[in-house]
Every structure is written in C-alpha cells, then in structure tokens.
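Student: Structure for this input, please:
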Amino acid sequence: MTRSLLTVMAALLLFAVPAAAQQSDGVRAETGVERVHNELGLLGTGAIVAVLDRGIDYEHPDFRNPDGTTRLLYIFDTLDNTGASDPDNPTGFGTVYTRDEINAALAAGVRLNTRDAVGHGTASMGIAAGNGAASDGFYAGMAPGADLIAVKLITEGAPAHDGEPAEAPNPSPGNRLFPAIDFVLARATEAGKPVVFLANFGSSAGPMDGTSTDARGIDARFGSGFPGRVFITGSSDDGGVANHAGGTVQQGQSLDLRISKAASFLRLDLWYGADDRFTVEVVAPNGTVYGPFAPPPNGVQSSGSGPGFALFHNGDGVDFYGASSPSRELLIDFNGTAGTYTVRLTGTTVVDGSFNASLNPSNIIGAPPQNRFTTFAVPGYTVWDLASARQNLCPNSYVLNDTWVDIDGITRTYPGNEGGPGTLWTGSGIGPTYDGRLGITVSAPGNSNITPYAPRSFFNTFRFNVIEDGPAPYGILAAVSGAAPVVSGIVALLLEANPTLDAAQVKDVLQRTARADAFTGAVPNPAWGYGKIDAFAAASDVLGTTATAPGATPEGFGLTLAGPNPFRRTTALTLTLPAPQSVRVEAFDVLGRRVAVLHDGAMAAGPHPLTLDASELPAGLYVVRATGSEATRGGAVVSRSVTVVR
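Tutor: Numbers count the residues shown, from 1 in each chain. A predicted model of the protein is given here:
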C-alpha cells in the first residue's frame, strides 16, 4: 500500500544460496485457482479487471494477446491533463488511451506518454490478470483471460534512474477517484461485461467507519442491486505496530497521548463524539507546552500551531473527510525533530468521551518501529478509510512465500515474514472498523508473490526483488498490495461464472467458502475475516456444483454446457435433476435483464436437453440460470455463462 512502499524496498534480509531459474510462488495452487482454471474452465474471459493504481507498462508481454495486440481496453492517466479535452475523455481531466491507440503505438514502436514510473500498478495488474506470456504461462495471474483497464490514479513519485526522468509524487486521488470509477463503469457497460475494481493504495487515516464521503461513494455504486460490478481495496499496511490509540476521556480529566516520532513528517488523526469537547495541548520533546487549544463549536474549524506542528480541530460537520457520522476530528501534522511528543486531551464537556486515533506513516521496520503510540495503544482498528466502506471487499495478506531467490542467486525475505508460511503478514491492517464492524472479508496469500515488473520502473532497479532478468522481467510484490490483486482476479473468475453477481453476493460466497486452519483460528475474526480464500469452492458454489475431489462427479441439481461456446445461433445445455420438481430456466444479459426463458414448469428426475436460441440477441456475455423447487445437495439454483459472437 502507499505508506511505506519505497522504504520497505530497501530493508530486505539476505543469505547466499544457488540461484534458481524459475520458482513458483504457489499462489494459484494455494488458493484453488489452478483447479478453477483446469477443472471448471474459468479464466476470467468476458470479465474486466480494472486496476486503480500508479499506471501500467502496457508493453509488457503479459498484457498482450498472442498476436501482439493489447489486452487493455483503456488506459486512463488521470495525472496527465494533456488529453483533458479529447472527445474520448468525458471527465475533463487526464488523458484516455483507447485500445486502438495502444495497438497503434505498439505496432509503430512509439511509446505513449504514460508510464508506471514506480512499478506498483504493473505488478498489481500482473497478479490479478497477467497471462504469463513472458514466462510461457508459468507466472500467469489469477484471471489470465480477462480484459483490462488501467487507471493511473496516484503515485508516490520515483527518482530519476537509468535514463528515466523523475516523477513528482501525487499520493492522494482527491476528487479524481469517482470520475475515474464512473469512467470505468461506463466503459464496462458499453462492452457489456462485468467489472471488478482494485484500488491498490491507502493507509490509516480518516473516520474509518464507513461514513466518509469516499466510503459512501463506494456504497452508492456497489452492492446489492448493482449486478456485475465489485470494488476491492485491501485493509492497509499499518498492522503490527502501535499505530492505533483508543480510550475514554472523563469529564475534567487530562489524558496524555504519547507518540514516539521519527525525524520526518507524521500525521495524527483523532476522532471523537460530536457531543464531547476536548481541550488540547501539545508537549514538545523538550517539555515545552503549547496551548491550550480550545475545542470549537460544531460546524466550526479552529486551528493552532507551534514549532514543528500545525493543529486543526474540527467540529461536527466540517471534518476533512466529509463524515456523515456525528463526530469531531483533531488533526495534527508534525514536521519537527525526532522525539516523544505528548498530545494532552482534557475533557471539557463529556457525554461519551471515547476516541480513536491513527498515525501516518508508521512502519514495521526497525526495533522498535518508528512513529508509534507509547500510551493508550490498542491493537487493530487499522482498516483504512476507503476499505471501511460497507460494500467494499477487504482482503488481508498472509505469508505463503517467505523467501525467494533473486537474479543474483541470493535468497531474500521481506519484513514481517518471520512467522513463516501460513501466518498473517505482520503488517496487515486488521479490524475492527472504528464503528465496530469486522472490517476484513477474507485473507489471501500476499507474501511474497511473483508478478510482472515494468522494465523502466523504479521497482526494477532493486535487483534483490527481480527474479528473472531481461526485457520482460518478473519480480516480487508483497504486503497487502500482494494479496488484494489475488482476490481481485478470483472475483473476475466468479464474474465469468455468473456476470450478474453483485458485490454483496460475491462477498457472501467468498465468506461462506473461505477455509479456516490452525493459523486463522476460529473465524470470523478481525484479523483474518472469514478465513483463507478458496477460489475453487467459491467458483463451484457460484456454478451450482459441489466442490469435489479432482475427477469426482458432484451429485444433485446440475446444469452442464454441451456447447458450442462461444456460439453464433444456438448452444446446447443439459439440466440434471435428482428428483421431480418444478424448474424455471432463464437467460440473462450482463445487466441482469431476462432475455429468454428455456423452460418453466414441471420436470421429471434425470437429464433434460435444452437449447438456447440466441439468433436475435446481440453479441456479448449471458448467463443461463436454472432454479428448482427442491433444495438438493448441489443447490436449488445453478448458472452457466455463455458467449454470443457475431
């Protein structure tokens, strides 16, 4: 995630062993994705993976078809306004590159004026949906058949390197987030395909209770009633340190919140109830007391400052995040020297008195880690603000690969991998949210995953992260940034199986089919959510089959596709019933509209051939769904996706 991405790159441990040519990260096997590919035939075909990140290397072979053309439908670079007035850009900012424009650039050998200077966006897309072309499929992602949309939304910036110019940092999406999301939604509708979004950035700050303007914007666009669209952003990389403080201030009481601070920028963001009033003092490392700063009335923002800090105190309704909850915000930016700062809270008027506070940035590196609370630290509560949206799917990261061999033959590891395979990555942000919800949906392997690297990126200058040299390298992506693309690609597989699924349905199936083990403990819990993701069980659930051992045949209510698929006019299916019952078999388009009824009425037990006539339907993805009146082992509802071509 954004907070400590580049600093972590320089903190890897090492010890010498012989080099390996190709090394598996095991993610597809661990998650059941290999079985989904091989046994269920789902590759994400007909679905779109949209990554909102730091850009993409569109030239990398893993994002190209066998004929060399691009798999990208669009690149939307929101940070370059040279194309703001172009007719194919409805947002009025940024620059849009269409598939035709990308293909023309590839054919001519001319580079578009967009890049992934850091490398994070390329790595994210590769895990989610790379096709592994540069490795003969060895390093394919979760949904290698999906179409792609890349949105360059943020960047930490990258220094000049290897002849590449420096890139200025722009780490906040600001007011570009929802126009970018709406742009992708419109393009997905035009294409007639479901879409899964991955916003692979963010760290602790804000109300983190689902009530901010951004969180409410996600909830307004995703969830129940919005078929074929799912939004994912991971928890944060802020777990494993004393990054959260919480407690209760009594009437007339003074409470000292102490912070150990490094010699760099640090932000404290503290939230408490609208009916309470806290007077604030700041004690510098040398003992000098600044303040008191009186609490403002609701609807008013006050400010104060001292050497090395600026303070903003917001009454209800004027906080920096547009929170709809009745809350007040105290935000302090520290720019002074390293040392221990104290923020003294005095309960002037107390009705409830409870508070939650976060620090940003904090860092799992170091002993002890820098930027941490030394009083009133409470574990958890580090699910970042956008991830706290109720309709977001929030994955966490666990360790599967604790070491890898770099291109120099040296074995490397990553901070937080010390627990070994199977354990939660130390830095994973964990729940609950500030309003007490679980926060985490499921957990996925994120440490340390192998993925395409952009050859011109800053990432690719770190040889200890590169595992395969050459013009199309691969390297490591870890932390929650490594786990979130795994879940995104798996969701694309589920949307191929049933394009009408909405975010609430996807969340439900992932939670019901997740697995617990000795590492997760009893689930659900705020660290692991509902457990480790199981793509094969989830896809089997969506398809209405039973997740059985390889080669076994599920029993019960079943719908099989005899083919052809894709097809132009008609395709054949077989519905199998374990008992006589009333059955309705329907076909739906990607927007959930019924386009055909294949059968509606009683059926005997046994197999029944069916035909879908699509001669009058436009090209696109469709779902055939059979709903029976008898609950059976295989389920009373089964679906199969089909593709009509013209």
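
Student: from here on, contacts and neighbour counts on C-alpha atoms
Tutor: OK.

Student: hey, where'd the helices end up in the stretch 51-200 of the chain?
Tutor: For the stretch 51-200 of the chain, helices defined by DSSP state H, counting those that start in this stretch occupy the ranges 99-108, 120-129, 177-191.

Student: looking at the ones you listed, which is buried most?
Tutor: Highest mean neighbour count among these (mean count of other Cα atoms under 10 Å): helix 120-129, with a mean of 31.

Student: which other helices and strands contact that helix?
Tutor: strand 48-53, strand 449-452, strand 474-477, helix 480-497 (3 or more Cα pairs under 8 Å, 6 or more residues apart in numbering; DSSP states H and E).

Student: want to throw the helices of the stretch 51-200 of the chain into TSV with mean pLDDT?
Tutor: Compiled in TSV, these are given as follows (pLDDT from 0 to 100):
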stretch	mean pLDDT
helix 99-108	98
helix 120-129	98
helix 177-191	97
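
Student: Dump the ones you listed to JSON lines, plus distance to D534.
Tutor: Formatted as JSON lines, those follow (distance: least, Cα to Cα, whole Å):
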{"stretch": "helix 99-108", "distance to D534": "33"}
{"stretch": "helix 120-129", "distance to D534": "15"}
{"stretch": "helix 177-191", "distance to D534": "27"}
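
Student: G339 is nearest to which of those helices?
Tutor: When the helices of the stretch 51-200 of the chain are compared by Cα to Cα, helix 120-129 sits nearest G339, at 32.5 Å.

Student: separation between D352 and L268?
Tutor: 21 Å (Cα to Cα, to the nearest Å).

Student: F226 too?
Tutor: According to Cα to Cα, F226 stands 36 Å off from L268.

Student: One more: S457?
Tutor: Using Cα to Cα, we find S457 at a distance of 32 Å from L268.

Student: In space, not sequence, find me the middle residue of this protein.
Tutor: In the chain, the C-alpha nearest the mean C-alpha coordinate belongs to T233, at 2.9 Å (Cα atoms, centre = their mean).

Student: Isn't it up against N396?
Tutor: No - applying Cα atoms under 8 Å, one finds T233 not in contact with N396, separated by 9.7 Å.

Student: Poorly predicted segments of the stretch 1-150 of the chain, please.
Tutor: Residue ranges of the stretch 1-150 of the chain with pLDDT under 70: 1-21.

Student: how does it look with 50?
Tutor: Flagging of the stretch 1-150 of the chain using pLDDT under 50 yields the residue ranges 2-20.

Student: Strands of that one, residue ranges please.
Tutor: Secondary structure of the stretch 1-150 of the chain (DSSP state E, counting those that start in this stretch): strands located at 14-16, 48-53, 72-77, 95-98, 147-152.

Student: okay, these in CSV with distance to A107 and mean neighbour count next?
Tutor: Formatted as CSV, those follow (distance: least, Cα to Cα, whole Å; neighbours: other Cα atoms under 10 Å):
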stretch, distance to A107, mean neighbour count
strand 14-16, 42, 12
strand 48-53, 24, 29
strand 72-77, 15, 24
strand 95-98, 14, 22
strand 147-152, 19, 26
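
Student: For T346, find the nearest of the ones you listed.
Tutor: Closest approach to T346 among these is made by strand 48-53 (41.1 Å; Cα to Cα).

Student: Partner strands of that closest one and their direction?
Tutor: strand 147-152 (parallel), strand 195-199 (parallel) (DSSP bridges).

Student: Look at the closest residue to the residue nearest to the centre of the chain other than its chain neighbours and say how many residues are nearby.
Tutor: In this structure, T233 finds its nearest non-sequential neighbour in A199, 5.0 Å apart by Cα to Cα, 6 or more residues apart in numbering. Counted by other Cα atoms under 10 Å, the residues lying close to A199 total 26.
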